[in-house]
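my questions are about this predicted structure, shown below with the sequence.
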Amino acid sequence: MNINIKNKGITIFFHALVWVVLFSFPYLLSSGQDQVLMRVIAHSWVPLLMYAALFYVNYLILVENFFYKRKIVWFLLINAGLIALCIWSRSLVNDLFFQDIFPKMSEKNAPPKTLFIYVQILSFLIPIIFSLALKMAERYLKTEADRQEAEKIKLESELQHLKYQLQPHFFFNSLNNIYSLVDISPDKAKSTIHSLSKLMRYLLYETNVERVTLNKEIQFIEKYIELMKLRLTDRTKVSYQFPEVSHDVQIAPLLFISLVENAFKHGVSSSEESRIHFEMHLKNDKIIFETTNRDFPKTDMDKSGSGIGLLNIEKRLRLLYPNKYTFRHGAEKNLFKVKLMIDLND
């Protein structure tokens with residue numbers, strides 16, 4: 001409500017400013033001389049008053065109630081009547097108050113009346129056309145603002161949906177890891193549940209914001225990697241290299257976890273040796289995150305994971321960092337590599 005009142009106040013101010021300039025300009029040019037002042041009134045101020053009347057009748061009433069409601073014939077007829085009324089009124093005012101300025105001319109020396117009428121009609125059409133153009137521009141801007149607001153709400157709802165989708169996906173993967181430890185090492189399973197609770201606390205309570213510090217996100221990823229390593233055998237080597245960053249570097253939460261999950265999902269084999277490596281760099285206000293792992297494609301019978309990892313991060317990047325990221329992934333010589341670069345500059 002306050003924003004609407006402020007916008008209306010600004011609109012009224014600019015309207016008033018335009019008319020003050022229009023009325024003042026002829027007077028300032030006249031240098032305030034009495035005889036010239038009367039000519040300013042007759043030639044400028046009287047028609048300006050009529051222009052203003054035509055403009056605001058259209059701007060406030062006719063355009064909205066007739067033109068936009070497709071009552072075009074009525075719109076044209078009413079304006080034709082208003083123009084005729086203005087021409088008659090101006091002629092009457094000139095005869096009553098400005099006979100010295102507009103003396104009667106003989107029919108022999110006077111220009112044709114039709115020419116005078118055509119000039120008047122054209123001059124009175126200008127405020128009508130201008131009011132229509134201004135109203136259309138305002139409507140377009142309002143429509144565009146409403147569209148952007150709707151788009152913003154849509155993006156926010158999509159991001160929230162993606163986040164709700166990610167949290168149970170992460171939780172189920174972690175429970176699978178803990179399940180594998182229950183019979184092998186109950187004590188380690190208990191410790192892992194405690195670690196999982198810390199991770200879930202971060203997921204539930206610290207990521208409900210647009211940005212989190214990169215430091216916290218790195219700590220979360222490190223804890224998650226350690227959690228995932230518990231179920232692995234000696235055949236799989238996992239390494240990571242993350243930078244130490246200042247607390248003022250911020251990033252959208254949970255952007256990289258899907259890439260980490262994807263590496264563990266496709267980079268582990270029960271029969272072959274493999275290696276998974278994660279690396280992050282900060283360079284010129286850009287975050288570069290890379291993963292490398294052996295490529296062991298899942299069979300159709302393997303239902304581990306939900307398959308939403310890369311799809312989710314693609315969607316989130318388009319929503320959160322449009323035109324400010326590069327995302328490449330693919331298999332090269334039995335290795336699956338991912339490289340994500342995000343530009344943090346606003």
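Everything's here; your move.

that's a strand at residue 287, yeah?
Yes. With DSSP: H, G, I helix; E, B strand; the rest coil as the criterion, residue 287 is assigned to a strand.

contacts only, for it.
Going by Cβ atoms under 8 Å, 6 or more residues apart in numbering, residue 287 touches 214, 251, 280, 281, 340, 341, 342, 344. The way it works is simple: take the backbone N, C-alpha and C, and place the C-beta from them, glycine included.

gap between the helix or strand hosting residue 222 and the chain center?
Residue 222 is part of helix 214-229, with elements assigned from DSSP states H and E. Centroid separation for helix 214-229 versus its chain: 32 Å, with Cα atoms, centre = their mean, to the nearest Å.

partner strands of the helix or strand that residue 281 is a member of, with direction?
Using DSSP H and E, residue 281 sits in strand 274-283. Strand 274-283 pairs in its sheet with strand 236-241 (parallel), strand 286-294 (antiparallel), by DSSP bridges.

average pLDDT for the longest one, rounded please.
So that's strand 286-294. Averaged across strand 286-294, the pLDDT comes to 94.

and the angle from it to helix 214-229?
With axes from the mean of the first three to the mean of the last three Cα atoms, to 10 degrees applied, the angle from strand 286-294 to helix 214-229 works out at 10 degrees.

and strand 286-294, what's buried?
Buried residues in strand 286-294, counting neighbours by 16 or more other Cβ atoms under 10 Å, are found at 287, 289, 290, 291, 292, 293, 294.

out of those residues, which is nearest to residue 120?
residue 287 (67.4 Å; Cβ to Cβ).

okay, and the beta partners of the closest one?
Beta-bridge partners, per DSSP bridges, of residue 287: residue 282, residue 342.

closest to residue 84 out of the strands paired with strand 274-283?
strand 286-294 (67.6 Å).

just the CA coordinates of the next helix or strand after that closest one, formatted as PDB?
Of the helices and strands lying after strand 286-294 in sequence (DSSP H and E), the nearest is helix 309-320. The C-alpha trace of helix 309-320 is given here as PDB (Å, rounded to 0.1, in the frame of the first residue of the first chain):
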ATOM      1  CA  GLY A 309      21.100 -35.400  -9.100                       C
ATOM      2  CA  LEU A 310      22.300 -33.800 -12.400                       C
ATOM      3  CA  LEU A 311      18.800 -32.900 -13.400                       C
ATOM      4  CA  ASN A 312      18.300 -31.000 -10.200                       C
ATOM      5  CA  ILE A 313      21.500 -29.100 -10.400                       C
ATOM      6  CA  GLU A 314      20.800 -28.100 -14.000                       C
ATOM      7  CA  LYS A 315      17.400 -26.700 -13.000                       C
ATOM      8  CA  ARG A 316      18.800 -24.900 -10.000                       C
ATOM      9  CA  LEU A 317      21.600 -23.300 -11.900                       C
ATOM     10  CA  ARG A 318      19.200 -22.000 -14.600                       C
ATOM     11  CA  LEU A 319      17.000 -20.500 -11.900                       C
ATOM     12  CA  LEU A 320      19.700 -19.200  -9.500                       C
END
